[in-house]
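Undergrad: Model the structure of this input:
(chains A and B, ligands or ions: 2)
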Amino acid sequence: MLELSQVSKRYGDNHALKSVDLAVAVGETVVLIGPSGCGKSTLLRLIVGLLRPDSGTVTFEGQVLTAASLLKTRRRMGYVIQEGGLFPHLTVRGNVSVMARHLQRDAAWIETRLADLAGLVRLPATLMDRYPAELSGGQRQRVSLMRALMLDPDLLLLDEPLGALDPMIRYQLQQELKAIFDELGKTVVMVTHDIAEAAHFGQRLVLMREGQIVQSGSLKALAENPAEPFVEAFITAQLEPMSRLNAVLG
Amino acid sequence: MSRAGWKVILFMAVCGLVFERPAAAATHTAQLGGTRVVWNALLSGEIDAYPEYTGTLLQEILASEGLSTVDELSVALSSRGIGMTASLGFNNTYAIGMRSEQADRLGVKAISDLRGHPHLVFGFGNEFMDRADGWPGLQRHYRLPQTDVRGLDHDLAYRGLEAGTLDAIDLYSTDAEIAYYDLRALQDDLGFFPEYDAVVLYRLDLAERAPPVVASFHELAGRIDAATMSTLNARVKLAGESESAVAAGFLEQSPGLQIEPGTDTAGQRWWQRLWQRTAEHLALVAISLSAAILFAIPLGILAARRERVAHVVLAAAGILQTIPSLAMFVFLIPLLGIGGPPAVVALFLYSLLPIIRNTYAGLKDIPAPIIESAVALGLPPNARLRVVELPLAIRSILAGIKTSAVINVGTATLGALIGAGGYGQPILTGIRLDDMGLILQGAVPAALLALLVQGLFEAIERTLLPRGLRLQTNALGATD
Ligand SMILES: Nc1ncnc2c1ncn2[C@@H]1O[C@H](COP(=O)(O)OP(=O)(O)OP(=O)(O)O)[C@@H](O)[C@H]1O
Ligand SMILES: [Mg+2]
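TA: Ligands and ions are numbered 1, 2, ... in the order given. Here you go, the predicted structure:
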């Protein structure tokens, strides 16, 4: 469904991505993980076409992305941006339906779809006419997700969708999101820097460092057969706080 | 001028002549800039007639022709399609004036006596400073040594003389102030100043269009002598009567003159006058501001999309802003004539920068994640602009429009300089007649209008600003 081949991207002389190859199959959930600044968001931006690769190609459903085809393909992707990116001047309803209204979808269709999605992400219907400034962080994330799902995209791109949330809500939303993905059977590429979250969502983890993919596979495979010391170090560093907690609790 | 009917023009010809100095006036309700401006307006047919002095014509306007007699002047004029009456009866020549008391103390009776007092400070009207028959010629003719010579408004010069900051100024021999301030008009002992006989100039085609008008211009010849002129001047300047009332009185008491005073603002009640000026002022502001909004917002959008356009557009609008308004009017007069159009264009140009800059800044200040979300959703550029970018930039754009509107209301008062009317009218006349009441009649409504416009735009902002953005401001406000 999605294939990146030898994709490179530079910001000035900062090589954000260096010859990355990645293939994602239909219905698969792939989780990009790695330290801050390793190029995860850049990779998602290249897929959705916010950035153009300096070299290499991005192929979506057998078609190489070009400037001309972008507008169409974007509508087949749902993208939840790292910072949320809700439009502050529009209500929840306005934010979620903005593209559907631009495409002049039937008003009744829009209302039904809104109600369905609200049910899916468990957003109370009473919040439909609120503005983003009147929502909690978790509610905003749900609205971003609704907006990404509105046109029933084939591919979901999520950039740290649970990033800014406190651990309790985060845990709850992780459960809910996983259920949603399973229910919809969508292809998902998701970014996180939390290894537990990655393991929770992904059949496949893609570990990145300094613009390159270091290793790709299940958490178990990564832990048992690390491709280089960095993989082991990364996993250990993430698991360390857990084991300390376990030690205290006995 | 088209909005003044021939009666008004005729009337103006009379009272303009009665009350204006050679600086010249073409319309009565609307004062014009310098002699050149009015002369050009006559040549181009903007106005049909105006009073002028033979000295100005010979020494300044047609100086390059080397004419010396009134007959030669008459021929030169008719070759340009302009007719001229005989002298109306007074010679309003230039003179140099000092306070009598100081002149006595220094023993100055004639202009050549000034040579012995090189440290005297001179203040001359801006026209006198520049024209060939003014200060440059006078200085050469008399070999005057004074170096502290300032150009300033003629009416302010009297005040400077009275206060003692100036020692000598230029006057006209029929000025009412000579007696009032106890001034001495120095004798032109070396015969420098030419004759300044008052005449009426009119377009020859006016004789076909309105023969009685031209006939009555000629009837005026020889009717107004210097003494009459000074008296009439004094009644306006010193007794504070309205120009039109004095002129009308003069016409009534001059049997045989078949001239009807035209319609004039002075005959109206104060509220009618206020209303008319308000309407003129509002028209200037409304037309120029709406045109500026329609033009500047798209330019600001274009600038926000293309950095190169932004550089050019913002620089150009910035330069426009630095042109002094008087200079701007002078540039525009050859293109657009006098009256409303050049004033509207000048105001339009001045209103551009704040709107362009704020549109540009408002669009540029939208946080990147929001733009990215809109792009990633698949909204094409125009829809993005309409649905996301403009609503988010609206506060900044409205602030720009508000700034422009307030500047515009203030600058529009200068429109009176080129005959566009408005609140600047009483302000200008008030400065000329040294009448604070008249100045306030223009300044107070102008200030009120500026406040009103400001309030109006704040109300618009409150209704136009999306509620989500107001909430955001409140949330931000609550944290600090
Ligand atoms: N617009 C930009 N201009 C210049 N450099 C950029 C830009 N965006 C990202 N970078 C740089 O590119 C590299 C990769 O950035 P990217 O946002 O992809 O990291 P990330 O893996 O998503 O990090 P995080 O986990 O902190 O979100 C970083 O070094 C970053 O500083
Ligand atoms: Mg990132």
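
Undergrad: CA only for contacts and neighbour counts going forward, please
TA: Will do.

Undergrad: tell me which element residue 42 falls in.
TA: Using chain A here. Using DSSP states H and E, A:Thr42 maps to helix A:40-48.

Undergrad: Sorry, I should have been clearer: chain B.
TA: helix B:35-43.

Undergrad: Would you pull up how far that helix lies from the middle of the chain?
TA: Taking C-alpha atoms, centre = their mean, to the nearest Å, one finds helix B:35-43 lying 14 Å from the centre of the chain it belongs to.

Undergrad: by contact count, what packs against that helix?
TA: Contacting helix B:35-43 under the criterion 3 or more C-alpha pairs under 8 Å, 6 or more residues apart in numbering or on different chains; DSSP states H and E are the following elements: strand B:49-53, strand B:198-203.

Undergrad: got these as CSV, with mean neighbour count, mean pLDDT and distance to A:Glu176 columns?
TA: Output for the helices and strands packed on helix B:35-43, formatted as CSV (neighbours: other C-alpha atoms under 10 Å in any protein chain shown; pLDDT from 0 to 100; distance: least, C-alpha to C-alpha, whole Å):
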stretch, mean neighbour count, mean pLDDT, distance to A:Glu176
strand B:49-53, 27, 82, 88
strand B:198-203, 25, 87, 90
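
Undergrad: B:Leu465 is nearest to which of those?
TA: strand B:49-53 (53.1 Å; C-alpha to C-alpha).

Undergrad: how much distance is there from the closest one to the middle of the chain?
TA: 18 Å.

Undergrad: helices and strands around it, which ones?
TA: helix B:6-19, helix B:35-43, strand B:198-203.

Undergrad: Mind doing that once more with 6 Å?
TA: helix B:6-19, strand B:198-203 (3 or more C-alpha pairs under 6 Å, 6 or more residues apart in numbering or on different chains; DSSP states H and E).

Undergrad: Just the buried residues of stretch A:1-18, please?
TA: By neighbour count on 16 or more other C-alpha atoms under 10 Å in any protein chain shown, the buried set for stretch A:1-18 is A:1-4, A:6-9, A:16-18.

Undergrad: Distance to A:Gly84 for the helices and strands packed on helix B:35-43 - can I get that in CSV?
TA: CSV is the format used below for the helices and strands packed on helix B:35-43 (distance: least, C-alpha to C-alpha, whole Å):
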stretch, distance to A:Gly84
strand B:49-53, 72
strand B:198-203, 74
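
Undergrad: Can you give me the domain boundaries for the chain?
TA: Because you didn't say which chain, this covers chain A. Annotated domains of chain A cover A:24-51+A:155-250, A:78-152 [automatic domain parsing].

Undergrad: look at chain B instead
TA: Annotated domains of chain B cover B:3-91+B:195-267, B:94-185, B:270-479 [automatic domain parsing].

Undergrad: To A:Gly78, which of those lies closest?
TA: Once these are compared by C-alpha to C-alpha, domain B:270-479 is nearest, at 7.3 Å.

Undergrad: Run the chain-centre distance for that closest one.
TA: Remark: domain B:270-479 is offset 22 Å from the chain centroid, using C-alpha atoms, centre = their mean.

Undergrad: ok, that domain near ligand 1 or not?
TA: No: on the criterion C-alpha under 6 Å from any ligand atom, domain B:270-479 is out of touch with ligand 1, staying 9.8 Å away.

Undergrad: any idea of the mean pLDDT for that domain?
TA: For domain B:270-479, the mean per-residue pLDDT is 85.

Undergrad: Over to stretch B:231-245?
TA: On average, stretch B:231-245 scores 71.

Undergrad: Start and end of it, how far apart?
TA: 14 Å (C-alpha to C-alpha, to the nearest Å).

Undergrad: who in chain A is up against chain B?
TA: Contacts of chain A with chain B, taken as C-alpha under 6 Å from any C-alpha of the partner chain, map to A:71, A:74-75, A:85, A:88-89, A:131, A:133.

Undergrad: which one of those residues sits closest to B:Val108?
TA: Using C-alpha to C-alpha, A:His89 comes nearest to B:Val108 of those, at 78.1 Å.

Undergrad: show me what contacts that closest one?
TA: B:466, B:468-469 (C-alpha atoms under 6 Å, 6 or more residues apart in numbering or on different chains).

Undergrad: State the three-state secondary structure for it.
TA: Secondary structure, DSSP: H, G, I helix; E, B strand; the rest coil: A:His89 is coil.

Undergrad: just to revisit the earlier point, looking at the buried residues of stretch A:1-18, which two lie furthest apart in space?
TA: Farthest pair in these (C-alpha to C-alpha) is A:Met1 and A:Ala16. Separation: 24.0 Å.

Undergrad: Please report the distance of A:His15 from chain B.
TA: 21 Å (C-alpha to the nearest C-alpha, to the nearest Å).

Undergrad: what's the helix or strand for that residue?
TA: strand A:14-24.

Undergrad: What average pLDDT does that strand get?
TA: What strand A:14-24 shows for mean pLDDT is 93.

Undergrad: That strand versus helix A:40-48: what angle between them?
TA: 60 degrees (axes from the mean of the first three to the mean of the last three C-alpha atoms, to 10 degrees).

Undergrad: May I see the buried residues of the next helix-or-strand element following strand A:14-24?
TA: Per DSSP H and E, the first helix or strand lying C-terminal to strand A:14-24 is strand A:29-33. Of all the residues in strand A:29-33, those buried under the rule 16+ other C-alpha under 10 Å are A:29-33.

Undergrad: which SS class is the residue lying closest to B:Leu379 once chain neighbours are set aside?
TA: Of all residues not flanking B:Leu379 in the chain, A:Met99 sits nearest, at 6.7 Å (C-alpha to C-alpha, 6 or more residues apart in numbering or on different chains). What three-state DSSP gives for A:Met99 is helix.

Undergrad: Could you check how far B:Val214 is from chain A?
TA: In terms of C-alpha to the nearest C-alpha, B:Val214 sits 68 Å off from chain A.

Undergrad: residues in contact with that residue?
TA: Residues in contact with B:Val214, defined by C-alpha under 6 Å, 6+ apart, are B:Ala207.

Undergrad: Just want the phi and psi numbers for it.
TA: The phi/psi pair for B:Val214 (degrees, to the nearest 10) reads phi -60, psi -40.

Undergrad: Nothing else from me, thank you.
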